[in-house]
Structure formats: structure tokens, C-alpha cells
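Sequence first, predicted coordinates after that:
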Amino acid sequence: MFIKSYKKVIIDIAIYFLLNSIFIYFSLLVVHDSMVAMVSVVWVGIIAWRGGVYAGLLGCFFMYLSIFIIMRLPSNATIGIPYYFNHRVPSFVLGLLQCIIVALVVGYISTLIHRLRIEINLRKKTQNDLEQKVAELDAFGHTVAHDLKNPLMVINVSINALIKEFESSDNAKANKKLAFISRGTKNMIDIIESILMLAGVKKIDQKEFKVFPVSESVIEALKRLEYTIESNGVQVNKPDTWPSAFGYAPWITEVWVNYINNAVKYGGKPAKGIKPVIEIGYDKPELTHLKNGESIRFWVKDNGEGIAQDKAGTLFKEFTRLHTKEHEGHGLGLSIVKTVIDKFNGVVGVESEIGKGSLFYFTLLVNEPQNN
């Protein structure tokens, strides 16, 4: 009914009742004109603003009650009441209508603002509660992920040790099963690492973004994939020098790891005995321009079977992958690449033709954007 509590509304009305009575009494001693009673509209507006429509209407009644009492005092008995509209409507009726209109309009606006404040505060509280729950779930997820990752790594190391022991054995069936288990545990570890990476992308402070030498990320990515590259007999061609670009080095390393790992996985033509040949590089800065400034396109090219144009557009969506029968995978890698590069106002894409391999690329700004 009231914006404020009933008790506070009554206190407001009592205060302005006394204030109105004192003001009108002393004003009439000086001016000796009943028009001074129009000041009641101001008090009604204040009461309506503080308490709402019903408080304003209640204030109208008590303000005019105070006027009635003051006008009935002996000192004011000789003051006449002016009439308007051909002497048909007394001034106190017009004053009362004004007070009622002010009470309704000001009270209505005040009520809307009060409800809006309540809604804003409620949304803020809901948002804070949601952020807290998300933070708790995120912390729980990280804990669970790490707790799962550690025993999986132990299992994977143990399986690899068993594979080495069985290498000289004639039990091909056991070797095949051990290799299958090893691939499965490694895929599970990769999934966990990808999920952790995807979650981390959304939380890092953008103050960590800066211009850095891309060669550092390339070297680190090749180091991490050294065993995979050597065990698959992959030939890697790359330039001797690399430019600098704007980004976050650890994330760009993950981008290179994803692209190069896919090139190893899908490169070459096993049916024809052709091993993967990977070329990594970049285009000259003047060849690529984005809206937010000059950029460089980096890429990884393979000699695989290539990808049909109608399927290339879906590659960067989560849990999407091709060649499901030939290769293991979980479909998170390229979606992570897109999420990372989007953070730096870059673009990702693929150029491919069946039988001629694929070129996966991403772009980074040369300098830090001005609005960063």
C-alpha cells in the first residue's frame, strides 16, 4: 500500500501537518490572503514522493485539515475565501484538486521508481548469487578434473610400461588391447585438458594480453609434440624468422598444438604409403587486414586427403570432427582455437580441397588495439 512502512508515513504526515499549520498561520499574519494555503501542494508532493500514491492522498486530507483549523482561528476570521469560474468554485476546492493530482502523479512516479529499484536490487542479488554458484561449480569442476587427470596419467604411464615389456612377446592380441587402452586413457586426459583450457579462456584478466614473439609459441608447441611428430615420421617445414603479434602466448601455443596435432593426425595418405608433411608459416602483414587494425595470418598446411567444402564450415563448432572412423578424437580442439582467437579479435578458418590437403589458419593483430 505504502512505499515506506505505515509508521514512517504517519510520522511524515504529522511533521508536514505541523509544518503546514505553522507556515500558513504566520504567513496569514503578514499577507492576510488565503492563497498562501496553496503551499500545501508542496508538502503533499513530498509526502507522495516518500510514501507513494496512498500516502499522498492521505497527506491531502491532513494538509487541508490543518488549513481548516488555521482558517477557523479568531485572528483569521475576517479573511475571505476567493471564488473562481464566475464565483461558482471556491479556491479551496481548486487547491484540493491540485493536491489530489499532485498526489496521484508524484505518487505513481515514485512507486514506479521504487519498484524499479527493488527489481534492480533483486537482479543484482540474483546475479551475485549466480556468479557465486558458477565460481563454486567452476572450482569443483577444476578439482574433479585434476583428481581425474592424475590417476589417468598414472594408468597411462603404467600401460606404456607394459607395452614396452610386451614388445618382444608373440602375444599380438595382448599388445593390441594394451595399445587400445593407452589410446583411450590419453584421449580422456586430452578431453580433461581441453575442458580446463576452455574454462580458463573465459576467466583470464585481459591485462595479460600483450605483443609477444610468436616464435616462442611455435617452438613450445613443436617441443610438446616432438614425440608425436617423430613417432609418425612427420616432416615439418617452417620459416627461420617469425613476427610478433598481440595475444597471450600460452593460449597461442595451444592453438599451434591443436593445428599441428590435427595435421599429424590427418596428414599424409596412409593407403598410398605417403607420410605426413606439414608446413607452418605466416602471410606478410600487408596481405591481411581486419577492421580492428593490421593483422597477420598464421597457418598450418598438411598433405592429407582434404575436406569437402560443405563440411569445412562446421569444424570450429564444439564436439564436431571429421574422419570419425579413421581417427580417435573428442571434437573440442578446434572450438577451443576459435574461442581463443575470438578473444583477440581475430578470425579462424580453413582452406581445403579434396585430394590436395588442408590449410588451417588464424589471424592476430600486429599491435595492441587502442580500445583494449
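Sure, I can see it.

residues contacting the nearest residue to N175 once chain neighbours are set aside?
Leaving aside its chain neighbours, N175 sits nearest to F166 (5.2 Å; criterion: CB to CB, 6 or more residues apart in numbering). For glycine as for every other residue, the C-beta is placed from the backbone atoms N, C-alpha and C. Contacts for F166 (CB atoms under 8 Å, 6 or more residues apart in numbering) come out as A174, N175, L178.

Who wins on neighbours among the residues you listed?
L178 (19 neighbours; other CB atoms under 10 Å).

Now do that one against I189, distance only.
Applying CB to CB, to the nearest Å, the value for L178 to I189 is 17 Å.

what does T363 give?
In this structure, T363 and I189 are 30 Å apart, going by CB to CB.

which of those two has more neighbours?
Shown here are T363 and I189; by other CB under 10 Å, T363 has more neighbours (22 against 17).

Am I right that that one is in a strand?
Yes: under DSSP: H, G, I helix; E, B strand; the rest coil, T363 sits within a strand.

what's the span of stretch 242-256 from first residue to last?
14 Å (CA to CA, to the nearest Å).

This structure: strands as residue ranges?
83-84, 89-90, 210-213, 235-237, 244-247, 277-282, 289-290, 293-301, 348-352, 358-365 (DSSP state E).

and those strands, which one is worst for confidence?
Lowest mean pLDDT of the strands of the chain: strand 289-290, a mean of 48.

Pull the contacting residues for Y282.
V214, P239, W242, P243, I296, R297, F298, W299.

and it, bridged to which residues?
F298 (DSSP bridges).

returning to what we had before: what is the nearest of the contacts of F166 to L152?
Using CB to CB, L178 is the member of the contacts of F166 that lies nearest L152, at 15.5 Å.

how much space between the closest one and S168?
14 Å.

swap in E353?
To S168, E353 is 45 Å away according to CB to CB.

So for the two, which sits in the more crowded spot?
With neighbours defined as other CB under 10 Å, E353 and S168 compare such that E353 has more, 13 against 6.

wait, isn't the more buried one in contact with E305?
No: under the criterion of CB atoms under 8 Å, E353 is not in contact with E305, lying 10.1 Å apart.

now, which of the contacts of F166 sits nearest P151?
L178 (17.7 Å).

Mind pulling up the pLDDT for the closest one?
79.

Just list the residues touching it, thanks.
I159, L162, I163, F166.

Compute the number of surrounding residues for the spatially closest residue to it that is not a sequence neighbour.
Distance criterion CB to CB, 6+ apart; nearest residue to L178, sequence neighbours excluded, is I163 at 5.0 Å. Counted by other CB under 10 Å, the residues lying close to I163 total 15.

From what I see, I163 and K177 are in contact.
No: assessed by CB under 8 Å, I163 is found out of contact with K177, at 10.2 Å.

quick one: common contacting residues for these two?
By CB under 8 Å, 6+ apart, no residue touches both I163 and K177.

mind listing the helices in the stretch 1-150 of the chain by residue range?
6-30, 40-51, 53-71, 91-166 (DSSP state H, counting those that start in this stretch).

Most tightly packed of those helices?
helix 40-51 (a mean of 24; mean count of other CB atoms under 10 Å).

Check what contacts it and list those residues.
2-4, 8-9, 12-13, 16, 19-20, 24, 55-56, 58-60, 63-64, 66-67, 95, 98-99, 102-104, 106-107, 110.

Now N76. Nearest residue, chain neighbours left out?
Distances taken as CB to CB, 6+ apart place L28 nearest to N76, at 5.5 Å, with adjacent residues excluded.

give the contact list for I10.
I10 neighbours (CB under 8 Å, 6+ apart): none.

Please tell me the pLDDT value assigned to it.
91.

where do the helices sit along the stretch 251-372 of the chain?
Using DSSP H, counting those that start in this stretch, helices in the stretch 251-372 of the chain cover 309-312, 333-343.

Many thanks, I have nothing further to ask.
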